[in-house]
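[1] next input, structure requested:
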Amino acid sequence: MKVVLPMAGFGTRLRPLTWSKPKPLVQVAGKAILGHVLDMFCCLPDLEEVVFIVGFLGEQVQEYIHRTYPDLRAQYVEQKDLLGQSQAIWLAREFLKGPILISFVDTLVDTDFRKALADRRQAAAWVKQVDDPRRFGVAMIGKNGRVERLVEKPTGTDNKLAVVGTYYLPSGADLVRAVQRQLEQGEKIGEEYYLAGALNRMLSEGLEMTAEEVVHWEDCGKPETLLHANRYLLEQDGGDSAPARREGVVIIPPVFIDPDAQIEQSVIGPFVSLAAGCRVQQSIIRDSIVDEKAEIARMVVSGSLVGSQAKLLGKFGSFLVGDSSEMRVG
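    Purely as a prediction, here's the structure:
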């Protein structure tokens, strides 16, 4: 089986962090979002390879995979014109033979993929009940309990069964054929070809698809949801509070602190991730993600995303500071 990861978007909702790195490489709970996604699937016993569909700054994704997952068999496809999910699948068509698992990289889920994929003959869509499904897609379930139709970004809230962005298909080739017909007939919403359109074609032609409800779902696509994901992930694994032994440093778990981070006379936590090379002096940091080599001094920082090599020097605040930025609060 192959895992397909479309990730060519600009990540505009996470700017300025995504001006200098693609969204999948933004940090959360001690590692890149992409690292958490890959960890969900590396346990699959018959994983053949991962197909990465990259865009802006895609070479950074390739460098990250080579460095962090050197044994992973990978293929890379570039999507230059962002015409939607189905176009991304079309560009990767030469690699989509046999069963495939498609997932979007701003989605982290807690579920038993092995159990759900015990019957490889049926397609599957992973879903979760939500209060407001309008910025997601939803699954319409028939009387037989199977998925009858997928609706992208519904206008109402009656159907709360949101599709979380992960699908299994027993035949990647069948999906490619459905996408080809979708592209030929210009079936798009706005300027984009959505995967739901191709899947609906397949459903209407007899594809059997189950709805697999996940235990938990985290969306990493916006600053507030990324911070929520950070809190959830740190709670689940307890974080790393080894630096609590340092004199003059108070750690309130759960936190993740890279061993290479330098902390002096500061209070860290709860729900803080400090990446490698960070330097924190005389500061209080809580509920925040601080990327590599950032410097924070004499600050109270809460509910913030701080990019790599950024500098916060001053008094207090709540920030989203991009890479290589400098902020002084007098």
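
[2] which residues touch T18?
    10-12, 26 (Cβ atoms under 8 Å, 6 or more residues apart in numbering). Any C-beta I mention is one placed from the backbone N, CA and C, and that applies to glycine too.

[3] ok, 10 Å please
    Residues near T18 by Cβ atoms under 10 Å, 6 or more residues apart in numbering: 9-12, 24-26, 56-57, 307, 322-323.

[4] export those residues as JSON lines, with columns for distance to Y167, neighbour count and pLDDT.
    Converted to JSON lines, the contacts of T18 look like this (distance: Cβ to Cβ, whole Å; neighbours: other Cβ atoms under 10 Å; pLDDT from 0 to 100):
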{"residue": "G9", "distance to Y167": "18", "neighbour count": "21", "pLDDT": "84"}
{"residue": "F10", "distance to Y167": "23", "neighbour count": "15", "pLDDT": "80"}
{"residue": "G11", "distance to Y167": "21", "neighbour count": "25", "pLDDT": "79"}
{"residue": "T12", "distance to Y167": "24", "neighbour count": "10", "pLDDT": "82"}
{"residue": "P24", "distance to Y167": "18", "neighbour count": "28", "pLDDT": "92"}
{"residue": "L25", "distance to Y167": "24", "neighbour count": "23", "pLDDT": "93"}
{"residue": "V26", "distance to Y167": "24", "neighbour count": "22", "pLDDT": "91"}
{"residue": "F56", "distance to Y167": "24", "neighbour count": "19", "pLDDT": "86"}
{"residue": "L57", "distance to Y167": "26", "neighbour count": "17", "pLDDT": "89"}
{"residue": "G307", "distance to Y167": "32", "neighbour count": "26", "pLDDT": "89"}
{"residue": "G322", "distance to Y167": "33", "neighbour count": "21", "pLDDT": "57"}
{"residue": "D323", "distance to Y167": "33", "neighbour count": "19", "pLDDT": "55"}
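
[5] ok now stretch 136-156, how far from the chain's centre?
    From the chain centre to the centre of stretch 136-156 is a distance of 22 Å (Cα atoms, centre = their mean, to the nearest Å).

[6] quick check: buried residues in that stretch?
    By neighbour count on 16 or more other Cβ atoms under 10 Å, the buried set for stretch 136-156 is 136-139, 141, 146-147, 150-152, 154.

[7] same thing with stretch 156-171?
    161-171.

[8] now, which of these sits nearest H228?
    V164 (14.7 Å; Cβ to Cβ).
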